[in-house]
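how would this look folded up:
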Amino acid sequence: MEPVVEFNKVTKSFRRGDIHDSLRDWLTARIGRVVHRSEHRSRADRFWALRDLSFAVRPGEALGIIGPNGAGKSTALKLLAGILRSDGGQIKRRGRVAALIEVNAGMHGDLTGIENIYLSGAIMGMSRAEIRAKLDEIIVFSGLADFMDTPVKRYSTGMQARLGFSTAVHVQPDILLVDEVLSVGDVAFRQRCEQRMATLVRDGAALIFVTHNLDQMRAICDRALVLDGGVTQFSGTPADAVGYYLAAVMNRTGELSYTDQPGQNPTIARNIRLDFQADCGNRVTIIDADAPLTVRIGFELSEPIGRLSVETALRRQDGLMVLCLNSAQQGVTYDAPTGAHEVKICLPSVPLSAGNYFALVRLWDADRARLIGQTPHKFALQIDDRGRGAGLLALPHTWSTLEGPDRRVVGQPAMGAALHSV
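Got it, this is the predicted structure:
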């Protein structure tokens with residue numbers, strides 16, 4: 001099947017310090033140079049957002065693009081959407097394109113919700129009759145029926161995302177471009193968006209999804225690219241791409257970060273640490289899946305917290321969340337004065353398949369529901385399942401003898417094997 005999107009050795013560069021992707025910005029920059037008599041910068045002052053990027057997407061495919069900030073992900077989507085022009089290479093698009101790259105892209109703040117549906121739909125190539133036929137469906141999907149006559153400038157960021165996405169996915173596009181905007185919606189709406197995107201892909205649309213949300217990308221896409229420095233570092237399945245990306249990040253920084261970490265920098269709790277201990281009390285970084293494990297968490301508080309909640313979460317290296325323990329959810333909070341503290345969590349076993357896992361710590365003021373301290377996923381634990389694991393879990397279990405008339409036992413029942421996840 002012929003691709004509907006083709007990138008062939010595409011390059012894009014920007015001049016450092018200059019931001020003028022529009023005529024208005026370009027004129028402002030030119031006037032500034034005249035007024036300040038600044039010299040024209042040389043090509044040595046340019047940086048390359050993309051270097052010889054190549055990929056293709058066919059109808060019914062969902063391609064995820066992940067990578068660190070500044071990797072070139074959003075630049076690639078803006079080139080596809082026609083917002084930017086490339087410096088070299090070839091870009092081909094076949095069919096109707098719906099792009100949701102910025103929350104309020106294509107919207108006018110002074111227009112109402114309904115007026116913006118017509119405006120955005122027209123920009124995406126829909127006729128007025130098409131928009132009118134799908135208007136009710138768009139409004140219902142957005143959940144904004146009570147605000148359709150309100151100017152969009154009075155919408156919250158999440159409401160703008162709802163309106164923009166609802167319009168874009170009802171265009172019946174051949175190519176849908178989505179860049180990070182789903183992160184501002186509530187959980188229920190994000191789930192509807194994921195389901196809608198999956199439906200569009202099943203119906204033959206091509207999806208290109210740029211995101212930092214690795215779990216969401218894994219759920220939606222069937223192929224992924226890892227970009228860094230404008231260059232493709234890896235191409236493969238979403239799970240393999242996430243594993244490659246996280247391993248690269250870990251090697252670079254010594255810690256892993258995920259999108260479910262609050263974007264705050266609390267300072268009430270400091271010097272947060274976490275140790276894994278075996279049953280004998282020794283600190284370990286490798287543990288048998290059947291062995292008891294103690295998680296010891298230490299921290300210091302710069303002010304007293306009347307109801308302190310302690311949380312730790314464990315992820316597999318490919319980004320899958322496998323465990324989250326929160327003391328308050330078990331009815332346990334701590335009256336913690338200023339100073340150093342330590343808590344322990346005792347687990348009878350960690351029945352996970354073999355692999356590398358990484359934990360974080362979060363500390364909460366339960367009375368005010370505020371985060372007072374957190375770490376990245378930087379505490380490493382390697383689990384050994386003695387070769388039993390082929391799924392997510394490696395649960396201890398036994399097998400019965402072979403039952404039936406005239407049966408006899410051959411060998412001993414196995415004491416452990418993998419429970420395959422489905």
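
quick one: contacts for I305?
Contacts for I305 (CB atoms under 8 Å, 6 or more residues apart in numbering) come out as 268, 334-336, 365, 372. In this view, the C-beta of every residue, glycine as well, is placed from N, C-alpha and C.

could I get those as CSV with distance to I139?
Output for the contacts of I305, formatted as CSV (distance: CB to CB, whole Å):
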residue, distance to I139
I268, 44
Y334, 48
D335, 50
A336, 49
D365, 40
I372, 41
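
Highest neighbour count among those?
Scoring the contacts of I305 on neighbours with other CB atoms under 10 Å, the highest-scoring entry is I372 at 23 neighbours.

got the phi/psi numbers for the nearest residue to that one once chain neighbours are set aside?
Residue nearest to I372 in three dimensions, not counting chain neighbours: I268, with 3.9 Å by CB to CB, 6 or more residues apart in numbering. With angles defined as degrees, to the nearest 10, I268 sits at phi -70, psi -40.

From V295, how far out is I268?
Distance, I268 to V295, by CB to CB, to the nearest Å: 22 Å.

before we move on, what about G121?
According to CB to CB, G121 and V295 sit 53 Å apart.

G158: neighbouring residues, count only.
15.

Let me know the helix or strand that it is in.
Using DSSP states H and E, the element containing G158 is helix 157-169.

now do K78
Using DSSP H and E, K78 sits within helix 73-81.

pLDDT of the helix or strand following that helix, averaged?
The element immediately downstream of helix 73-81 (helix or strand, assigned by DSSP H and E) is strand 88-93. Summarised as a single mean, pLDDT over strand 88-93 is 92.

Check which residues of strand 88-93 are buried.
Buried residues in strand 88-93, counting neighbours by 16 or more other CB atoms under 10 Å, are found at 89, 91, 93.

Can you list the strands that the helix or strand just after it pairs with?
Per DSSP H and E, strand 88-93 leads on to strand 97-100 as the next helix or strand towards the C-terminus. Using DSSP bridges, the strands paired with strand 97-100 are strand 175-179 (parallel).

S142: what's it in contact with?
Counted by CB under 8 Å, 6+ apart, S142 has contacts 113, 162-163, 165-166.

which pair in those residues spans the largest distance?
Farthest pair in the contacts of S142 (CB to CB) is G113 and F165. Separation: 13.2 Å.

How far off centre is stretch 213-222?
Here stretch 213-222 shows a centroid-to-chain-centroid distance of 7 Å under the convention CA atoms, centre = their mean, to the nearest Å.

could I get it in CSV with only the CA atoms?
Only the C-alpha atoms of stretch 213-222 are listed here, as CSV (Å, rounded to 0.1, in the frame of the first residue of the first chain):
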residue,chain,number,x,y,z
ASN,A,213,3.6,10.3,27.5
LEU,A,214,5.2,7.0,26.9
ASP,A,215,2.3,4.9,28.2
GLN,A,216,-0.1,6.7,25.9
MET,A,217,2.1,6.3,22.9
ARG,A,218,2.5,2.5,23.6
ALA,A,219,-1.3,2.2,23.8
ILE,A,220,-2.1,4.1,20.6
CYS,A,221,0.8,3.4,18.2
ASP,A,222,2.0,0.3,16.4
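
Which residues outside it are in contact with it?
Contacting residues not belonging to stretch 213-222 are listed as 61-64, 66, 182-183, 190, 194, 197-198, 207, 209, 211, 224, 237-239, 242, 245-246, 258-259, 319-321 [CB under 8 Å, 6+ apart].
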